[in-house]
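In: I'd like to go over a predicted model; first the sequence, then the structure.
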Amino acid sequence: MWMDTKSEAKQASRTRAGLHQRLFNSLLLCTGDMLHLDQHMEGKLFVLQLAVWSLRGVARVILANNPLSGALILAALYWASPWQGLLGTLGVLASTLTAVIIGQDSAEVSAGLHGFNGMLVSLLMGVFSSAGDWYWWLLLPVCFGSATCTFLFSGLSPLLDRWDLPVAVFPFNIVIVLYLLCTGPNNPYYPHHLATPPGALELNATQLDTAEVVRGIPLGVGQIYACGALGPSLIILGAVLLYSPLMALHALLGSAAGTLAGLSMAVRHASLYSGLSGFNGALGCMGVGGLFFTFSWRTHLFAIASAFLSAYADIALSNLLGSVGLPACSWAATLMVTLMLLLTGQSLAAYRIPIGQVKAPEHNLRSRSQWESGNTSDRESTDV
């Protein structure tokens, strides 16, 4: 009887261990790039495929390539503002469908590369519009601007491919600035708010609220999607964590560096509290800290440097463009990461990953020996 009880206990223990292992393996399938999902979606209805492509495009804004991360981010945007969520959904669909219609590379479309610029354009149009929420006429420039991003992406790709550089969010930055220049604050159809320079003097000198500054660090991650609410910003950070814990760490670190840069330049308190001082730093830190470069102590230091440089460049560009009422958007992080990729010194270039082989940072660590040996077969184009 005692032997039977002992045997049953061992069997129950093995069953629990097997269940835990299966659960852990299932969770692992939801992390990283989820390439197995693309194989599963082959031959499925076009609507289902389009949904997965678009969710990847949503996640690409924050440098991730995971449809579940995209779904979490989209849910966070709808929570923060249903109107902004609708605009973002329409933007990513418009740009992705445009890529399908004009016959762009199917691998790029399925990877969401033609969706994220359109989503950013639509979100910023909504944020800067002074016509208020549910202004249905805004859907026209949202669709047109998002579709234009696809054409710019296609035009810039051959140019930047010569230097093995990503197109990144150059199309978004170009389109949103052109849109704001075309409309103006007093446009009868599409009026918008003027951007305020972060270096503008405070009307009333007030004491800095430390708690609000700390709160602005996670908000800096949410501001990548023009989201200034704490709860949705934490969900967006969780979506990055689902894709890559290493990138989530660098997102917070970069946002903190951007906040410190803002403090050192005495920017407006509103920029610190809302996370606007941190989002370029977060993007600059994530791009270098494991995405385009294999993670190491050296690239980690370069990532921190990239965060500070992106933040300071953002302050400078915001003050410059803000003098004419224009936002600096993410020009600073885009330019700084591009410059980092152009560095030819052995200290950083030796860790660089070819753009066609970029995946989640943890995967990059495991596969470094493959791309160092020059194996370029089965490349999957990845962009930011």
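Out: That came through, no problem. Residues are numbered from 1 along each chain as shown.
In: in the stretch 251-384 of the chain, what spans have low per-residue confidence?
Out: Applying pLDDT under 70 to the stretch 251-384 of the chain flags residues 344-346, 367-384.
In: Try it again at 90.
Out: The stretch 251-384 of the chain contains residues with pLDDT under 90 at 266, 289-291, 294-298, 342-384.
In: Likewise for the stretch 1-150 of the chain?
Out: 1-44, 106-107, 132.
In: could you show me where the helices are in it, in order?
Out: Assigned by DSSP state H, counting those that start in this stretch, the helices in the stretch 1-150 of the chain fall at 2-29, 35-41, 46-60, 67-80, 82-101, 106-110, 116-128, 139-161.
In: repeat for the stretch 151-300 of the chain
Out: Counting by DSSP H, counting those that start in this stretch, the helices of the stretch 151-300 of the chain are 170-183, 210-222, 230-243, 245-264, 269-274, 279-286, 297-322.
In: Quick one: those helices as JSON lines, columns for mean neighbour count too.
Out: Glycine gets a C-beta too; all of them are placed from N, C-alpha and C. Listed next are the helices of the stretch 151-300 of the chain as JSON lines, based on neighbours: other C-beta atoms under 10 Å:
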{"stretch": "helix 170-183", "mean neighbour count": "20"}
{"stretch": "helix 210-222", "mean neighbour count": "21"}
{"stretch": "helix 230-243", "mean neighbour count": "22"}
{"stretch": "helix 245-264", "mean neighbour count": "24"}
{"stretch": "helix 269-274", "mean neighbour count": "21"}
{"stretch": "helix 279-286", "mean neighbour count": "34"}
{"stretch": "helix 297-322", "mean neighbour count": "21"}
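In: right, so of the helices of the stretch 1-150 of the chain, which gets closest to residue 286?
Out: helix 46-60 (12.2 Å; C-beta to C-beta).
In: Kindly spell out which helices and strands sit in contact with the closest one.
Out: helix 35-41, helix 67-80, helix 82-101, helix 106-110, helix 116-128 (3 or more C-beta pairs under 8 Å, 6 or more residues apart in numbering; DSSP states H and E).
In: Show me what counts as buried in that helix.
Out: By neighbour count on 16 or more other C-beta atoms under 10 Å, the buried set for helix 46-60 is 49, 50, 51, 52, 53, 54, 55, 56, 57, 58, 59, 60.
In: between those, which is nearest residue 32?
Out: Checking those against residue 32 by C-beta to C-beta gives residue 59 as the nearest, at 11.6 Å.
In: any idea how far the closest one lies from residue 210?
Out: Note on residue 59: its distance to residue 210, by C-beta to C-beta, to the nearest Å, is 33 Å.
In: what do you get for residue 185?
Out: According to C-beta to C-beta, residue 185 stands 35 Å off from residue 210.
In: Kindly report the same for residue 260.
Out: As for residue 260, its distance to residue 210 is 13 Å (criterion: C-beta to C-beta).
In: do residue 261 as well
Out: Taking C-beta to C-beta as the measure, residue 261 falls 17 Å from residue 210.
In: So for the chain, the centremost residue is which one?
Out: Nearest to the geometric centre of the chain sits residue 62, at 1.3 Å (C-alpha atoms, centre = their mean).
In: My guess is that one contacts residue 222. True?
Out: No - at 9.8 Å, residue 62 does not count as touching residue 222 under the criterion of C-beta atoms under 8 Å.
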